[in-house]
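Visitor: kindly generate the corresponding structure for this input.
(2 chains)
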Amino acid sequence: MAVKDFIRERFFPHLWCPGCGHGMTLNAMLHAFDELNIPPCSLVMVSGIGCSARISGYVNVHTMHTLHGRALAFATGIKLARPDLHVVVPMGDGDATAIGGNHFIHAARRNIDITAILMNNRIYGMTGGQYSPMSGRGIKATTAPYGNIDRDFDAVKLAEGAGATFVARTTTFHVRELTALIKKAIQHKGFSVVEVMSQCPTYFGRKNHMGNAVDMLNMFRENTAPLGSDALAAHPSLTPRGVFVDRDEPEYCESYESIIQKAQG
Amino acid sequence: MKSGEYFVQGNEACVRGALYAGLKFFAGYPITPSTEMAELLSEKLPQCGGHFVQMEDELASMCAIIGASVTGNKAMTATSGPGFSLMQEALGYAVMAEIPCVVASVQRGGPSTGLATKVAQGDVNQARWGTHGEHSIIALTASSVQDVFFMTVEAFNMAETYRTPVILLFDEVIGHMREKLTVPEEGQIPVVSRLRTSVRQGVNYHPYLPREDGRLPMSDFGGVHRYNVTGLYHDIWGFPTEKPEAVERLLYHLVEKIETKSDEIARFKEYYMDDAKLVFISYGSSARSALHLVTTLRGKGIRAGLLELQTLWPFPANLVRSRAEQARHVYVVEMNMGQVCAQVRQAVARPDDVFLINRVDGQLITPTDIGRVMRVVEGRAF
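Guide: Presented below is the predicted three-dimensional model:
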């Protein structure tokens, strides 16, 4: 296999804006699939609605482009019916933490073996730049012309609190780290979440005077630091990157197999 | 699925019918008066290697059964009005993506939380038009525990045949009523398996290219063909398209694959209809009361008959028109404000001769209720 075997070339060029972070995340995902040697026929990608959700269309595996926020619910049906398949769910911040917040916390609580890649660009891009639950206070958006008063979620803490057994965060600046974390997340048995801080220069960047895509990527480099690093100890206001949670707990599909054995016993 | 005789509720008959039809996956959320189905399936499904999951809500339940269905498993959920409302979004997805699945909705009083434990038949139009956009749908119902079993098997068969979600629209009385159920031997009534593609690995498979007969052979997720499924308008590969001709072609396909088959989808029962001048049309538990009255009238030499509808959608207009031709009056008996009655009036040649006899107070309509209205219309006592 090569990376290009995982893409549907005839659907390119993709629909994302110049400078968007989603293509970088797609690239990291494809490298992760390739490096893990996953047979494409055993890989299912389920996505919801939004810019991030369009990733599934470009990947040449079993792909399902579903409803806003509900990708994890569809994915739960697929995974439980076919536990042998790898199920990866690319999500946006609106998808995962607004309309799909309930599905997100319950998938985490069940610890079902699904990998959620949460592309957090802090804005609703597809509909033209409205604030999301990840935008944070003071942010300008097309529905927050006077500045946003909504507090934001910390997706890592949300996933951890809901019971996800693998939780990591990185940014689109740190592409090799991103590939490595996606690989770890897929290999993890249980519900895994990788938050990818991603740039939307078209709406979030423009509305909040953050410059172009390169400027936004540089901000990810400057404003984040690895967990356990000296930089983070010296500057606690930096956003930590790395693996926050990685622990073994009973996986949902495996637990259900024991139910089947009990019922048939 | 053991054959034999049982004394069970309608809800249990639905479960047994589903298992007879090959159900392998159930996702649901507890709601009165359908909860017994979830309880029973949590016990029965793992016994036959299937999967049961109680999801976080009805939105997720409907999504999960669609996910399970694309892996090649027969899947269903069960609910009632409020939950059915939440399922409408994903129901539309199943319509658009043509994913076979079955939704049992046991009707209670609405709107909103309404009457959680009381009977109603107010969701007939919700089954038809609850999800947004132009589309078609199949909805079946039943008036006895035995027929709940048969209609459930039919629902799974039609879901596979037409690649569509099928609604089982029962009501609280039928769901909770106990009667004798005879479960037939395996193979005694036909069970339709999923139509899978014969296209081999390495050859282009077009998941959304209908055959000449309009059917679309499927390929399971996890199988050799990798393709896209979406709720957007899509081309023969399952990829989003906005091309006007492709959009129009798909919408016509979705509607016509069901509407042009409405005669063969029509399931019904007839009682004393050969020479009936007073034709009663009913369904679900109301049909039992209507039959009681019709039988009493026949005992008095009055030419009354009952057409019991088991297919509600697509509405069997040809059937209703033909049966109403010889009637002096048509009485539609239902527990709502005339949802099926409106369809009957559209179908018949003389809509002014169609009368609604209803009850909407959470109580089962009785033969006395029906007789009282009929006497007023007929202008005499019987």
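Visitor: okay, CA-based contacts and neighbour counts for the rest of this
Guide: Fine.
Visitor: longest strand anywhere in chain B?
Guide: strand B:101-109 (DSSP state E).
Visitor: quick one: B:E134 from B:D263, how far?
Guide: 21 Å (CA to CA, to the nearest Å).
Visitor: what residue in chain B comes nearest to chain A?
Guide: Per CA to the nearest CA, B:A64 is where chain B lies closest to chain A, at 4.0 Å.
Visitor: residues in contact with the closest residue to that residue other than its chain neighbours?
Guide: Distances taken as CA to CA, 6 or more residues apart in numbering or on different chains put A:G77 closest to B:A64, at 4.0 Å, once the chain neighbours are dropped. Residues counted as contacts of A:G77 (CA atoms under 8 Å, 6 or more residues apart in numbering or on different chains) are B:A27, B:C63, B:A64, B:I65, B:I66, B:G67, B:A68.
Visitor: is A:G77 in a helix, a strand, or coil?
Guide: Under DSSP: H, G, I helix; E, B strand; the rest coil, A:G77 falls in the helix class.
Visitor: hmm, back to that, Provide the backbone phi and psi angles at the residue of chain B closest to chain A.
Guide: phi -60, psi -40 (degrees, to the nearest 10).
Visitor: ditto for the one 3 residues further on
Guide: Dihedral angles phi and psi of B:G67 (degrees, to the nearest 10) take the values phi -60, psi -50.
Visitor: pLDDT at it, what is it?
Guide: On the pLDDT scale, B:G67 is placed at 98.
Visitor: that one contacts A:L72, doesn't it?
Guide: No. Between B:G67 and A:L72 there is no contact under CA atoms under 8 Å: 9.8 Å.
Visitor: which of the two has more residues huddled nearby?
Guide: Just comparing B:G67 and A:L72: by other CA atoms under 10 Å in any protein chain shown the higher neighbour count belongs to A:L72, 37 against 31.
Visitor: contacts only, for the more buried one.
Guide: So A:L72 contacts A:V46, A:S47, A:V89, A:H103, A:F104, A:A107 (CA under 8 Å, 6+ apart).
Visitor: where's the nearest residue to B:G130 once chain neighbours are set aside relative to B:V15, distance?
Guide: Spatial nearest neighbour of B:G130, chain neighbours left out: B:Q88 (5.8 Å); criterion: CA to CA, 6+ apart. Distance, B:Q88 to B:V15, by CA to CA: 22 Å.
Visitor: for A:N208, same thing?
Guide: Applying CA to CA, the value for A:N208 to B:V15 is 56 Å.
Visitor: neighbour-wise, which of the two wins?
Guide: Neighbours around A:N208 and B:V15, counted as other CA under 10 Å, are more numerous at B:V15. The numbers are 28 against 14.
Visitor: name the helices or strands packed onto the helix or strand following the longest strand of chain B?
Guide: Counting by DSSP states H and E, the next helix or strand C-terminal to strand B:101-109 is strand B:115-119. If you count contacts as 3 or more CA pairs under 8 Å, 6 or more residues apart in numbering or on different chains; DSSP states H and E, strand B:115-119 packs onto strand B:101-109, helix B:172-176.
Visitor: if you set the cut-off to 10 Å instead, what comes out?
Guide: strand B:101-109, strand B:165-171, helix B:172-176 (3 or more CA pairs under 10 Å, 6 or more residues apart in numbering or on different chains; DSSP states H and E).
Visitor: what residue ranges in the stretch 1-150 of chain B are flagged as low confidence?
Guide: B:1 (pLDDT under 70).
Visitor: and the strands in it, which stretches?
Guide: For the stretch 1-150 of chain B, applying DSSP state E, counting those that start in this stretch gives strands covering B:4-9, B:23-28, B:51-54, B:74-79, B:101-109, B:115-119, B:138-140.
Visitor: just chain A next, same as before
Guide: Under DSSP E, chain A gives strands at A:43-47, A:62-65, A:86-92, A:115-120, A:123-124, A:130-131, A:166-171, A:192-197, A:224-226, A:239-246.
Visitor: same thing with the stretch 251-382 of chain B?
Guide: Counting by DSSP E, counting those that start in this stretch, the strands of the stretch 251-382 of chain B are B:268-271, B:278-282, B:304-309, B:311-313, B:329-334, B:354-358.
Visitor: before we move on, the earlier item: if I look at the residue nearest to B:A64, how far off is B:I365?
Guide: Separation of A:G77 from B:I365 (CA to CA): 40 Å.
Visitor: ok, B:S282 next?
Guide: Look at B:S282 and B:I365: by CA to CA, they are 11 Å apart.
Visitor: what do the two both touch?
Guide: B:R288, B:S289, B:A290, B:V333, B:E334, B:M335, B:I357 (CA atoms under 10 Å, 6 or more residues apart in numbering or on different chains).
Visitor: number of nearby residues for the third one?
Guide: The local packing of B:A290 (other CA under 10 Å) involves 31 other residues.
Visitor: and the fifth one, by the same measure?
Guide: One way to gauge burial is a neighbour count; for B:E334, by other CA under 10 Å, it gives 29.
Visitor: find the nearest non-adjacent residue to it, please.
Guide: B:E334 sits nearest to B:N358 (CA to CA, 6+ apart), 5.1 Å away.
Visitor: pull the host helix or strand of B:F156 out as CSV, backbone CA atoms only.
Guide: In this structure, B:F156 sits in helix B:145-162 according to DSSP H and E. C-alpha atoms of helix B:145-162 as CSV (Å, rounded to 0.1, in the frame of the first residue of the first chain):
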residue,chain,number,x,y,z
VAL,B,145,-51.2,-10.2,18.2
GLN,B,146,-51.0,-12.8,15.4
ASP,B,147,-51.1,-10.1,12.7
VAL,B,148,-48.4,-8.1,14.5
PHE,B,149,-46.2,-11.1,14.0
PHE,B,150,-47.0,-11.5,10.3
MET,B,151,-46.8,-7.7,9.6
THR,B,152,-43.4,-7.6,11.3
VAL,B,153,-42.0,-10.3,9.0
GLU,B,154,-43.6,-8.4,6.1
ALA,B,155,-41.9,-5.2,7.3
PHE,B,156,-38.5,-6.8,7.2
ASN,B,157,-39.2,-8.4,3.8
MET,B,158,-40.3,-5.0,2.3
ALA,B,159,-37.4,-3.2,3.8
GLU,B,160,-35.0,-5.5,2.0
THR,B,161,-37.1,-5.7,-1.2
TYR,B,162,-37.4,-2.0,-1.6
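Visitor: how about the residues of the stretch 151-265 of chain A by chain B?
Guide: Applying CA under 10 Å from any CA of the partner chain, we find that the stretch 151-265 of chain A lies next to chain B at A:C253, A:Y256, A:E257, A:S258, A:I259, A:I260, A:Q261, A:K262, A:A263, A:Q264, A:G265.
Visitor: buried ones among these?
Guide: A:C253, A:Y256, A:E257, A:I259, A:I260, A:A263 (16 or more other CA atoms under 10 Å in any protein chain shown).
Visitor: sorry, back to before: need the strands of the stretch 1-150 of chain B in CSV (columns: mean neighbour count).
Guide: Shown next, in CSV, are the strands of the stretch 1-150 of chain B (neighbours: other CA atoms under 10 Å in any protein chain shown):
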stretch, mean neighbour count
strand B:4-9, 15
strand B:23-28, 27
strand B:51-54, 22
strand B:74-79, 29
strand B:101-109, 29
strand B:115-119, 19
strand B:138-140, 26
